[in-house]
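Asks: prediction below, plus the sequence it came from.
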Amino acid sequence: MHVVVVGCGRVGSGLAGILEDGGHTVAVIDKQAKAFRRLGEGFSGRTIQGVGFDRDRLREAGIEDASALAAVTSGDNSNIMVARTAREVFGLERVIARIYDPRRAAIYEKLGIPTIATVQWTTDRVLRRILPDAPTTEWTDPSASVVLVERPVAPSWAGRRLADLDMAGLARVAALSRLGVGEVPTPELVTQEGDVVYMTVASDRIAELDAHLAGHNAPGGHA
């Protein structure tokens with residue numbers, strides 16, 4: 001797939017390299033031409049000098065054919081403007097913005113823009129948003145029998161008790177993130193579309209959990 005990365009600092013350049021190594025096409029936008037030096041000589045994607053929320057620059061970067069965009073410049077306002085332009089003007093669904101002030105996270109999440117704050121930043125976390133089908137785990141116990149995974153709540157689960165996501169003896173919800181704010185859930189908490197759950201699961205049963213969370217076994221879900 002094609003991904004647009006706005007910002008060619010350490011995170012943006014690293015992200016672009018990983019995506020390209022994974023077989024995806026990438027276009028990188030940055031205000032400073034010298035920033036593209038971080039990409040290295042082997043980078044074969046597009047580089048566009050300019051402001052990331054400029055619609056012409058985004059078109060030049062191929063946003064109309066893109067599957068995802070990551071706004072990872074050094075400014076919160078710029079990143080949000082880029083993300084909103086991608087979402088509202090070009091209709092791109094898979095968008096993520098880096099922010100430095102985590103207090104803004106809930107506001108931006110309400111606008112439908114997932115954010116990653118500097119204090120919790122890793123390139124892996126951005127990749128999970130851009131490539132949600134990629135197998136990733138948050139934590140693995142020393143015996144490799146149990147892992148912690150991050151998963152979005154499917155629309156078919158909205159309005160159901162969070163406890164219904166549990167699979168007896170196989171998986172259990174450990175924490176929930178709603179509008180960018182994490183919490184330890186109670187069994188009676190009702191899920192909302194857009195929630196993200198962190199679940200402990202037997203390492204050899206992740207596929208079963210993913211099918212369960214996709215709604216195949218959800219009450220009222222589709223078979």
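Replies: Yep, that arrived. Note that the structure is predicted; figures quoted are calculated from it, not measured. Numbers count the residues shown, from 1 in each chain.
Asks: and the closest residue to Asp56 other than its chain neighbours, its phi and psi?
Replies: Distances taken as CB to CB, 6 or more residues apart in numbering place Gly50 nearest to Asp56, at 7.9 Å, with adjacent residues excluded. The way it works is simple: take the backbone N, C-alpha and C, and place the C-beta from them, glycine included. With angles defined as degrees, to the nearest 10, Gly50 sits at phi 160, psi -180.
Asks: and if you look at the one 3 residues further on?
Replies: Torsion angles at Phe53 (phi, psi; degrees, to the nearest 10) stand at phi -100, psi 10.
Asks: could you point out the helix or strand that follows the lengthiest helix in the chain?
Replies: With DSSP state H setting the assignment, residue counts place helix 10-21 as the longest helix in the chain. Counting by DSSP states H and E, the next helix or strand C-terminal to helix 10-21 is strand 25-30.
Asks: the longest helix of the chain to strand 25-30, inter-axis angle?
Replies: 160 degrees (axes from the mean of the first three to the mean of the last three CA atoms, to 10 degrees).
Asks: list the buried residues in helix 10-21.
Replies: Val11, Gly12, Ser13, Gly14, Leu15, Ala16, Gly17, Ile18, Leu19, Glu20 (16 or more other CB atoms under 10 Å).
Asks: quick one, strands of this protein?
Replies: Assigned by DSSP state E, the strands in the chain fall at 2-6, 25-30, 46-49, 68-71, 95-99, 115-117, 139-140, 146-152, 171-178, 181-183, 196-202.
Asks: from Ile96, how far off is the nearest residue to Pro155 once chain neighbours are set aside?
Replies: Of all residues not flanking Pro155 in the chain, Glu193 sits nearest, at 5.2 Å (CB to CB, 6+ apart). Note on Glu193: its distance to Ile96, by CB to CB, to the nearest Å, is 18 Å.
Asks: these two: which is more packed in?
Replies: Applying other CB atoms under 10 Å to Glu193 and Ile96 shows that Ile96 carries more neighbours, namely 22 against 12.
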